[in-house]
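**Student:** Requesting a structural model of the entry that follows:
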Amino acid sequence: MLMCTICGKMKVYRSWSRHKKGSSGASEWPLRAQISNKTQKPNLHSFKGLRYCTKCHRAVKELFNATKSAPVVSA
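**Tutor:** So this is what the prediction gives:
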C-alpha cells in the first residue's frame, strides 16, 4: 500500500474545483465549476527495503549516515 512506514502518511481524497462558485460574473448556476474528488498521494522513497515519505526519509538517512560514520572506540 502507498503508506509511509514511520508516520503512516497515505493517499487522501480532497474536493477540488477550478474556480469559486459564481466567479463567471453571471449568477451562480450558468457556469458553475464542477467539484470533483482529487487524489493526493505522498512522495514516497524506498530505502533499505522500506517506504518513507520525504520528511521521514531525510531523518532516517541522516540517522543512518551518523551511525555509519561514527568513530570506533576500542577499549
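
**Student:** Using CSV, write down the CA coordinates of stretch 46-57.
**Tutor:** C-alpha atoms of stretch 46-57 as CSV (Å, rounded to 0.1, in the frame of the first residue of the first chain):
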residue,chain,number,x,y,z
SER,A,46,12.5,3.4,-0.9
PHE,A,47,15.4,3.0,1.5
LYS,A,48,16.6,-0.4,2.8
GLY,A,49,13.5,-2.1,1.6
LEU,A,50,11.0,0.2,3.3
ARG,A,51,9.0,3.1,2.1
TYR,A,52,9.3,6.6,3.7
CYS,A,53,7.7,10.0,2.9
THR,A,54,10.2,12.8,2.2
LYS,A,55,10.3,14.1,5.8
CYS,A,56,10.9,10.7,7.4
HIS,A,57,13.3,9.7,4.6
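
**Student:** Give me the contacts around that stretch.
**Tutor:** 2-7, 9, 42-45, 60-61, 64 (C-beta atoms under 8 Å, 6 or more residues apart in numbering). Backbone N, C-alpha and C define where each C-beta goes, glycine included.

**Student:** so which pair among those residues is furthest apart in space?
**Tutor:** Comparing every pair within these by C-beta to C-beta identifies Leu2 and Phe64 as the most remote, at 22.7 Å.

**Student:** roughly how far apart are Tyr13 and His57?
**Tutor:** Separation of Tyr13 from His57 (C-beta to C-beta, to the nearest Å): 24 Å.
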